[in-house]
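**Student:** A predicted structure for the sequence below; I have some questions about it.
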Amino acid sequence: MATQKEIKEPAAYLEFRIEANRDSSQLRSDVVFGGFEWLDVKAAGSRTPGYTISELSQRPPCPLRIIFAPLDLPNGRTVGDLLALYRLYSIPDEFVSERLHHVAHSFGTSEEMDGSSCSWFHFLCKNVAVQDINGVKSIVNQNRRDDKDLSQAEFSWVRSAYFLKKTPATQGSSPQLTLIVFGGEIALWENFDSLATKTSGQDIIDDPFCLLGTVFEVLYNRLDKIAWDLARVYSQEEENILLSADHPGSAADALDFVGLHMLSKHQIYLIEAADAAMATLDSLTAHHERLLKSYAPASEFAFRRTQDTFCHRRTMLKSTNLRLKSLEKRTQNIINLSFNLVTQADSRIMKADSSSMKIIAVMTLVFLPCTAVATIFSTPFFYLMGESEDTGPLRMSPYFWMIWVFTVPLTALVIFAWHRFQKRLQLRIVGAVQPNYRGGVI
């Protein structure tokens, strides 16, 4: 019987179980679910006590329920309870498959034969944890892979998923609306807590998608905070590089190319997250507009209000996206400046080496005529005589003055010729025109 049950499970459910069981170090434990319930649609909601999946399945139906569940990542600790939750609410195979593929953008809808409908999406965003250490803002790696900690590295992610299901009324039961939040943040819990104490269930049931408007408010705030934290770290790095640009030699030695690369990589991931969030919101808005025909006239105001909320959330996401793209261009500029500083430092080193070689060449030119003359005049100008008390053993030829007569003018002539050649070469290089230049505008 167990084998038959496993065969009937959707393919993504089976793959989810297999992926979760790969890590045998995670021991299974009972997951406690929390959330909010509206037992009376005309009254405000209330918090629900923590309950297990078996207790959740036995709870009486209510018109409106929000469930906070653990993140829908496959792991051995939560796999059993998550799969039971998927079966309890008939969560589509596509929803589970999206998490297995770690999608950055997704929005799906489904309608069943019994009239129930559901919508869902996943959220994935690069996390950047910033700490102020001795007045210096730096990114802290919260998920170190090994003992080697790369500069400005961060390998953690912000993940969550949302599943909204609407079940029509049946004989003996009223309509039911359920929102399941997978991996929700504390800020979202606080927003829903405030919503439950101030809003009646009917106001939400008039347009259930207003709950997703609250979700996108929290997602935007998280994404925008990460973008600002990253911008502050980058601004500090940018200022340090610009202040040291006056001294290319010392600046090149202090450049942190690994940190600049990591900052650029974080920006790319965050731009992807902002683009994905806007694409998801666009898909959600389009689906919401298609459902306008099925709304009762009394719900039209709630529908318009939700549409306005979606529109405003998109403009805010667009604002963050533009800021991230501007930051990306600034980062590219500072990386180019860093490479230019390194090039300048290398150029100065090469110039110093060239000066040394130039000095050696000049000294060779100075002594070359003397060497040549001494070679030409192979007749010795100094010769040894026998020992004598009057003159000594060493005597100088009376023609010794001839070596200076030839050496000094030749030395001056060689130096003058070299100097003229250098000047003509510099003029030729400076006055050279671009290739294929024909006059006028190039």
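**Tutor:** Nice, I can see it.

**Student:** can we go C-alpha only for contacts and neighbour counts from here?
**Tutor:** Noted.

**Student:** which residue, other than its chain neighbours, is closest to the residue most central in space within the chain?
**Tutor:** The C-alpha lying nearest the average C-alpha coordinate of the chain belongs to residue 266 (C-alpha atoms, centre = their mean; 1.2 Å). Spatial nearest neighbour of residue 266, excluding adjacent residues (C-alpha to C-alpha, 6 or more residues apart in numbering): residue 126 at 7.0 Å.

**Student:** who does that neighbour bridge with?
**Tutor:** Here residue 126 sits in beta bridges with residue 157, going by DSSP bridges.

**Student:** from residue 263, how far out is it?
**Tutor:** Relative to residue 263, residue 126 is positioned 12 Å away (C-alpha to C-alpha, to the nearest Å).

**Student:** surely residue 36 meets residue 47?
**Tutor:** Yes. Using C-alpha atoms under 8 Å, residue 36 makes contact with residue 47 at a distance of 4.4 Å.

**Student:** compare the two (neighbour count), which wins?
**Tutor:** In this view residue 36 and residue 47 are compared by other C-alpha atoms under 10 Å, and residue 36 has more residues nearby, 22 against 16.

**Student:** residue 106 versus that one, what's the distance?
**Tutor:** 26 Å.

**Student:** related to what we said a few turns ago, sec struct for the residue nearest to the centre of the chain, please.
**Tutor:** helix (DSSP: H, G, I helix; E, B strand; the rest coil).

**Student:** now it: how far from residue 276?
**Tutor:** According to C-alpha to C-alpha, residue 266 and residue 276 sit 15 Å apart.

**Student:** also residue 96?
**Tutor:** Distance, residue 96 to residue 276, using C-alpha to C-alpha: 19 Å.

**Student:** could you pull out the helices for the stretch 1-150 of the chain?
**Tutor:** Along the stretch 1-150 of the chain, the stretches classed as helices by DSSP state H, counting those that start in this stretch are 2-8, 11-20, 53-58, 79-88, 93-100.

**Student:** distance to residue 240 and mean neighbour count for these - can I get that in TSV?
**Tutor:** Formatted as TSV, the helices of the stretch 1-150 of the chain follow (distance: least, C-alpha to C-alpha, whole Å; neighbours: other C-alpha atoms under 10 Å):
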stretch	distance to residue 240	mean neighbour count
helix 2-8	60	9
helix 11-20	46	17
helix 53-58	54	14
helix 79-88	48	18
helix 93-100	41	19
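
**Student:** now render those as a markdown table, adding distance to residue 287 and mean pLDDT.
**Tutor:** Listed next are the helices of the stretch 1-150 of the chain as a markdown table, based on distance: least, C-alpha to C-alpha, whole Å; pLDDT from 0 to 100:
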| stretch | distance to residue 287 | mean pLDDT |
| --- | --- | --- |
| helix 2-8 | 31 | 48 |
| helix 11-20 | 25 | 88 |
| helix 53-58 | 30 | 90 |
| helix 79-88 | 23 | 92 |
| helix 93-100 | 17 | 93 |
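
**Student:** any idea which of those helices gets closest to residue 329?
**Tutor:** Residue 329 lies closest to helix 93-100 among these, at 31.9 Å (C-alpha to C-alpha).

**Student:** and the angle for that closest one with helix 11-20?
**Tutor:** Taking axes from the mean of the first three to the mean of the last three C-alpha atoms, to 10 degrees, one finds helix 93-100 and helix 11-20 inclined to each other by 30 degrees.

**Student:** okay, now residue 416: neighbour count?
**Tutor:** For residue 416, the neighbour count with other C-alpha under 10 Å is 11.

**Student:** pLDDT score assigned to it?
**Tutor:** Residue 416 carries a pLDDT value of 87.

**Student:** does it sit in a helix, a strand or a coil?
**Tutor:** With three-state DSSP as the basis, the three-state label of residue 416 is helix.

**Student:** relative to residue 373, how far out is it?
**Tutor:** If you measure residue 416 against residue 373 using C-alpha to C-alpha, the figure is 18 Å.

**Student:** what does residue 42 give?
**Tutor:** The spacing between residue 42 and residue 373, counted by C-alpha to C-alpha, is 117 Å.

**Student:** look at these two and report which has more neighbours.
**Tutor:** Each of residue 42 and residue 373 has its neighbours counted (other C-alpha under 10 Å); residue 373 has more, 16 against 12.

**Student:** so who does that one touch?
**Tutor:** 403, 406, 407 (C-alpha atoms under 8 Å, 6 or more residues apart in numbering).

**Student:** now do residue 236
**Tutor:** Contacts of residue 236 by C-alpha under 8 Å, 6+ apart are residue 137.

**Student:** check which helix or strand it maps to.
**Tutor:** Using DSSP states H and E, residue 236 falls within helix 210-243.

**Student:** residue 66 and residue 179 touch, don't they?
**Tutor:** Yes. Counting by C-alpha under 8 Å, residue 66 does reach residue 179; the two are 4.8 Å apart.

**Student:** which regions of the stretch 251-400 of the chain lie under the pLDDT threshold?
**Tutor:** Along the stretch 251-400 of the chain, the model assigns pLDDT under 70 to residues 251-254, 293-298, 344-346, 348-349, 351-353, 355-356, 376-396.

**Student:** mind listing the strands for it?
**Tutor:** Along the stretch 251-400 of the chain, counting by DSSP state E, counting those that start in this stretch, strands occupy 382-384, 394-396.

**Student:** neighbour-wise, which one of the contacts of residue 373 leads?
**Tutor:** Neighbour counts for the contacts of residue 373, by other C-alpha under 10 Å, peak at residue 407, which reaches 20 neighbours.

**Student:** secondary structure class for that residue?
**Tutor:** helix.

**Student:** does it really touch residue 369, like I thought?
**Tutor:** Yes. Using C-alpha under 8 Å, residue 407 makes contact with residue 369 at a distance of 5.7 Å.

**Student:** residue 193: neighbour count?
**Tutor:** Residue 193: 16 neighbours (other C-alpha under 10 Å).

**Student:** if I look at residue 342, how far off is residue 175?
**Tutor:** 68 Å.

**Student:** give me the more crowded residue out of the two.
**Tutor:** Taking other C-alpha under 10 Å, residue 342 and residue 175 do not tie; residue 342 has more neighbours (19 against 15).

**Student:** okay, the helices of the stretch 1-150 of the chain in JSON lines with distance to residue 290 next?
**Tutor:** Output for the helices of the stretch 1-150 of the chain, formatted as JSON lines (distance: least, C-alpha to C-alpha, whole Å):
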{"stretch": "helix 2-8", "distance to residue 290": "33"}
{"stretch": "helix 11-20", "distance to residue 290": "29"}
{"stretch": "helix 53-58", "distance to residue 290": "32"}
{"stretch": "helix 79-88", "distance to residue 290": "27"}
{"stretch": "helix 93-100", "distance to residue 290": "21"}
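
**Student:** quick one: closest of these to residue 337.
**Tutor:** In terms of C-alpha to C-alpha, the element of these nearest to residue 337 is helix 93-100, at 40.6 Å.
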